[in-house]
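only geometry, no sequence info:
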């Protein structure tokens, strides 16, 4: 029997954005502009390019700008229409037409696992994707599509991973896994932010997941950990014990845009690739380097 088709993606966006303070004190981190689009739009576009139809965004207090961004703005549209800005008008309208959007509130910041639980009633008994919006992945084949391809082949739960430097493993969830094919690993265990000497591998989970609804009862019984948060990693460890789980190496350039340096790196790279800005921005950077 073929696995059910993945139609829904959850984007948790209720975090406090503490790594970007003070910029995120009153503005959602997910709305920080990466050249000419907010961070979260890159995740939505990746999901749609992967075949996702329904986008569930888990929001919190102070995140209304996210909903407004993906909604129609009739006053703005009329202004653009009246000023003859047809191409910009078309681009703006397309934002609200990317997918079917649904929003659910996380009433308190109780961790990524809790945020996923908040969307349970909208997922039901279907497999689904999770995308962390501050992980921007530039890839020829969308990163989520790479995972969905593995899932469609009947391989069950799939986590996206990339190899990181040994000295950086303490910043990530690291998989203990057995290689079974080119780029594909069977997960034995997961370790959250291990010390370099204790890390079972250098393969880090990078914010793209394809999960089964079996994760929900596990999350419901997962005890809160540090800061009273329900950790998704703890639930994924248990799920790997109960059902086959896999790690797929993602082919693409990843940027941790939730980190200030990573955001700046992503800004430079995406600006250089921008058809309208790339050449002039490249010339400017060359001038800066010569100073």
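Received, thanks. Note that the coordinates shown come from a computational prediction; the quantities given were computed from them, not determined experimentally.

poorly predicted segments of the protein, please.
The model of the chain has pLDDT under 70 over residues 1-4, 155.

what about the helices in it?
39-49, 64-69, 74-82, 86-96, 112-118, 120-123, 143-150, 215-220, 232-242, 260-273, 278-290 (DSSP state H).

how much space separates residue 127 from residue 63?
To residue 63, residue 127 is 26 Å away according to Cβ to Cβ, to the nearest Å. The C-beta positions use only the backbone N, C-alpha and C, and glycine is treated the same way.

possible to save the helices of the chain as CSV with mean neighbour count and distance to residue 15?
Output for the helices of the chain, formatted as CSV (neighbours: other Cβ atoms under 10 Å; distance: least, Cβ to Cβ, whole Å):
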stretch, mean neighbour count, distance to residue 15
helix 39-49, 22, 12
helix 64-69, 15, 12
helix 74-82, 12, 28
helix 86-96, 13, 22
helix 112-118, 23, 8
helix 120-123, 15, 19
helix 143-150, 22, 20
helix 215-220, 18, 17
helix 232-242, 20, 13
helix 260-273, 16, 15
helix 278-290, 11, 30
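
out of these, the one nearest residue 192 is which?
helix 232-242 (4.6 Å; Cβ to Cβ).

quick one on the thing from earlier: Throw the helices of the chain into TSV and include distance to residue 190, thanks.
Shown next, in TSV, are those (distance: least, Cβ to Cβ, whole Å):
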stretch	distance to residue 190
helix 39-49	22
helix 64-69	29
helix 74-82	44
helix 86-96	35
helix 112-118	13
helix 120-123	21
helix 143-150	16
helix 215-220	13
helix 232-242	5
helix 260-273	22
helix 278-290	39
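
nearest to residue 226, out of the ones you listed?
helix 232-242 (10.6 Å).

chain center to the closest one, what's the gap?
19 Å (Cα atoms, centre = their mean, to the nearest Å).

and that helix, what does it pack against?
Here helix 232-242 touches helix 112-118, strand 157-163, strand 184-192, helix 215-220, going by 3 or more Cβ pairs under 8 Å, 6 or more residues apart in numbering; DSSP states H and E.

out of those, flag the one nearest residue 43.
strand 157-163 (12.7 Å).

who does the closest one pair up with?
Strand pairing for strand 157-163, using DSSP bridges, gives strand 203-211 (antiparallel), strand 245-249 (parallel).

can you list those in a markdown table and add mean neighbour count and distance to residue 266?
Converted to a markdown table, the strands paired with strand 157-163 look like this (neighbours: other Cβ under 10 Å; distance: least, Cβ to Cβ, whole Å):
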| stretch | mean neighbour count | distance to residue 266 |
| --- | --- | --- |
| strand 203-211 | 25 | 14 |
| strand 245-249 | 23 | 20 |
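
need the contact list for the spatially closest residue to residue 282 that is not a sequence neighbour.
Closest residue to residue 282 apart from its sequence neighbours, by Cβ to Cβ, 6 or more residues apart in numbering: residue 272 at 5.8 Å. Contacts here follow Cβ atoms under 8 Å, 6 or more residues apart in numbering; on that basis residue 272 touches 278, 281-282, 285.

so residue 16 touches residue 26, yeah?
No - between residue 16 and residue 26 no contact is recorded; they are 11.7 Å apart, counting by Cβ atoms under 8 Å.

looking at these two, which is more packed in?
residue 16 (15 against 8; other Cβ atoms under 10 Å).

what residues are up against the more buried one?
Counted by Cβ under 8 Å, 6+ apart, residue 16 has contacts 24, 109.

one step back: format the contacts of residue 272 as JSON lines; extra columns: distance to residue 37.
Supplementary listing: those in JSON lines, determined by distance: Cβ to Cβ, whole Å:
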{"residue": "278", "distance to residue 37": "15"}
{"residue": "281", "distance to residue 37": "16"}
{"residue": "282", "distance to residue 37": "20"}
{"residue": "285", "distance to residue 37": "21"}
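
and the helices and strands packed on helix 232-242: which comes nearest residue 205?
It is, among those and with distance given as Cβ to Cβ, strand 157-163, at 5.2 Å.

count of neighbours near residue 222?
Residue 222: 22 surrounding residues under other Cβ under 10 Å.
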